[in-house]
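Visitor: Sequence first, predicted model second:
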Amino acid sequence: MSSAPIESADSASRPPTAPAPPAAVRDPYVSPLAGKVAVVTAASRGIGRAVARRLAADGAAVIVNWHTSASAAREVVAGIVDTGGRAVAVRADLGDRGGPETLFAAAEEAFGGVDILVNNAGIGAVAPTADVDEDAFDRLFAVNVRGTFLALRLAARRLRDGGRIVNISTGYTRATFPNVGVYAGTKAAVEQMARSLSRELGPRRITVNTVLPGLVDTDGLSADVRANLDAFVAATPLGRIGEARDIADIVAFLAGDDARWVTGQDIVAAGGLV
């Protein structure tokens, strides 16, 4: 199909259309997240650690949230600071009502506000539905759903205009596997909340997106999965399982200005497995 404009009979009498302004050229020496402040939940290990490091490398000041391992969080902060970045480790339980408030207060005190929230905190469970007791069910929903809801609600109130919210879900919400139904259910709830919130915060130019990782090589992989890694690798078009940095790179894109026109999306990052 021709891309030439269709002219009306009187088009010759109209003044010429002004050319579009040239696209902005990014200064390669300016960090894409310079001046931004990020809160990354569960950032002392695994995907959260990789995300914290990547956002800091892109210029953001980072609140490194931890709950059980102070030494691991200090190691993440030290690595960021040693390479010229800014970071503070903050302990908070995201299953507790005061957890998100603690993180935002720390960010506001240390760096002046919050521009980016990465909801990475979550706990998993690999068990047949028949074997999941009420206590395990309640804990999963308290951390994965209630904790994320509390963080999203606070972000909706206190994130600066033009900010970014990125949630970490799971590819299990897109593929059917046994023994992960309750866990996948918690993450499906997060995806639904995020899509609705993207509509609510759009007028403030705040984007809300969710990343759905496939299998990622972290200490969170269950023994059953590790015992069958060859089968998963064989079923993955890209021929391997994921690394934490694969997910961190996608989060960094969503946190930056290049993703300003992306919101309300669920982005599967599974190497083609899902």
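Guide: Nice, thanks for sending it over. Residues are numbered from 1 along each chain as shown.
Visitor: CA only for contacts and neighbour counts going forward, please
Guide: Noted.
Visitor: thought A52 was touching V64?
Guide: Yes. With contacts counted by Cα atoms under 8 Å, A52 reaches V64, the gap being 6.8 Å.
Visitor: okay, the two: which has more neighbours?
Guide: Higher neighbour count among A52 and V64: A52, with 33 against 28, using other Cα atoms under 10 Å.
Visitor: That one in helix, strand or coil?
Guide: The three-state label given to A52 by DSSP: H, G, I helix; E, B strand; the rest coil is helix.
Visitor: what is in contact with A52 and V64 at once?
Guide: Common contact partners of A52 and V64 (Cα atoms under 8 Å, 6 or more residues apart in numbering): 40, 43, 76.
Visitor: how much space is there between the spatially closest residue to the second one that is not a sequence neighbour and R153?
Guide: Yep, that's A43 we're talking about. The spatially closest residue to A43, leaving aside those adjacent along the chain, is R49, at 4.4 Å (Cα to Cα, 6 or more residues apart in numbering). Distance, R49 to R153, using Cα to Cα, to the nearest Å: 24 Å.
Visitor: can you tell me the helix or strand for V81?
Guide: In this assignment (DSSP states H and E), V81 forms part of helix 70-82.
Visitor: then that helix to CSV, C-alphas only?
Guide: The C-alpha trace of helix 70-82 is given here as CSV (Å, rounded to 0.1, in the frame of the first residue of the first chain):
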residue,chain,number,x,y,z
ALA,A,70,20.8,-8.7,56.7
SER,A,71,24.2,-9.9,55.5
ALA,A,72,22.9,-10.6,52.0
ALA,A,73,21.3,-7.1,51.8
ARG,A,74,24.5,-5.4,53.0
GLU,A,75,26.4,-7.2,50.3
VAL,A,76,24.0,-5.9,47.6
VAL,A,77,24.3,-2.4,49.0
ALA,A,78,28.1,-2.6,49.2
GLY,A,79,28.3,-3.7,45.6
ILE,A,80,26.2,-0.8,44.5
VAL,A,81,28.0,1.8,46.5
ASP,A,82,31.5,0.4,45.5
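Visitor: and the closest residue in space to V190 that isn't next to it in sequence, what is it in contact with?
Guide: Closest residue to V190 apart from its sequence neighbours, by Cα to Cα, 6+ apart: V145 at 6.2 Å. With contact set as Cα under 8 Å, 6+ apart, V145 has these partners: 186-187, 189-190.
Visitor: what do you get for N119?
Guide: By Cα under 8 Å, 6+ apart, the contact list for N119 reads 40-41, 148, 151, 165-168.
Visitor: Among the residues you listed, which ones are in helices?
Guide: Judged by DSSP state H, helices contain the following of these: 148, 151.
Visitor: In strands only, show me the contacts of N119.
Guide: Of those, the ones assigned to strands by DSSP state E are 40, 165-168.
Visitor: Which one (most neighbours) among the residues you listed?
Guide: Counting neighbours by other Cα under 10 Å, I165 leads these with 28 neighbours.
Visitor: mind listing what it touches?
Guide: Contacts of I165 by Cα under 8 Å, 6+ apart are 116-119, 206-209, 255.
Visitor: partner residues bridging it?
Guide: Here I165 sits in beta bridges with L117, V208, going by DSSP bridges.
Visitor: From here on, call the first residue 8.
Guide: Fine by me, first position is 8 from now on; the one you just mentioned is I172.
Visitor: on that earlier part again, mind pulling the model confidence for the residue nearest to A50?
Guide: pLDDT recorded at R56 is 97.
Visitor: wait, isn't it in contact with V84?
Guide: No. Contact between R56 and V84 fails when scored by Cα under 8 Å: they sit 9.6 Å apart.
Visitor: can you list the weak-confidence ranges in the chain?
Guide: Along the chain, the model assigns pLDDT under 70 to residues 8-36.
Visitor: what would the contacts of N126 look like in CSV with distance to L166?
Guide: Formatted as CSV, the contacts of N126 follow (distance: Cα to Cα, whole Å):
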residue, distance to L166
V47, 13
T48, 15
T155, 15
A158, 11
I172, 9
V173, 13
N174, 15
I175, 18
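Visitor: what's the farthest-apart pair in the contacts of N126?
Guide: Pairwise distances across these peak at 12.9 Å for A158 and I175 (criterion: Cα to Cα).
Visitor: burial measure for the nearest residue to D122 once chain neighbours are set aside, as a count.
Guide: Closest residue in space to D122, ignoring its immediate chain neighbours: G170 at 4.6 Å, by Cα to Cα, 6+ apart. Other residues within reach of G170, judged by other Cα under 10 Å, total 25.
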